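**Student:** structure for this input, please:
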Amino acid sequence: MKVCKSFLISLLLMLLVLGGCSTGASNTERVIASEKTLPSEFYEGAFERETAPLFQFMARRAVDQSQFEQTWDMYGFKGEKPDVDFDGKDVLFIGVHESGTCALEVGDIEWFNDIVMQVPLIEPDQPCTADATPRTFVIEVNKEKSSGLENLVIVQSGISTTVPFEN
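**Tutor:** Predicted coordinates for the structure are as follows:
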């Protein structure tokens, strides 16, 4: 019995150490704004996943105050612009559709190899209508990590989609 207990303790310690080495959630990303809005040219410029269900996404990155203000206006935000320290942060705008009765939330963002950022969109655990209403999330990201970002993967309804973004 002592051998099993020692083995289990060793296994737990090893899992804790390995977990600390993960390139998963970095806790440097946070949603700083979210509104039911999309750019007026969303349907002309949105990336559309080709498999069912069809989801459309539009992602933009702002690396300075000027880009942030232009993109904020382009996406049609009405609320007050949050303050961003562009010396250490960049901002990603992610436009999507959600059910009119079930607002999406951003789950735990993960990084893979410091070049892929995965953004899970979480739906409430309740029946939702099948309509499509606008939603844009504004996510603050560490500038150093953002500069190496090559792929933005959005996970919606359990399906991962690599979405192109513009700087």
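**Student:** in the chain, which spans are helices?
**Tutor:** 2-20, 42-45, 65-74, 143-147 (DSSP state H).
**Student:** relative to F137, how far out is the residue positioned nearest the centre of the chain?
**Tutor:** Closest to where the C-alpha atoms of the chain average out (Cα atoms, centre = their mean) is V119, at 3.2 Å. Remark: distance between V119 and F137 (Cβ to Cβ, to the nearest Å) = 8 Å. (C-beta placed from N, C-alpha, C; glycine too.)
**Student:** mutual contacts of these two, please.
**Tutor:** The contact sets of V119 and F137 overlap at I94, V106 (Cβ atoms under 8 Å, 6 or more residues apart in numbering).
**Student:** show me where pLDDT drops low in this structure?
**Tutor:** 1-27, 52-53, 167 (pLDDT under 70).
**Student:** for this structure, just list every one of the strands.
**Tutor:** Assigned by DSSP state E, the chain shows strands spanning 30-35, 47-48, 56-62, 89-98, 105-106, 110-112, 116-122, 133-142, 151-156, 159-163, 165-166.
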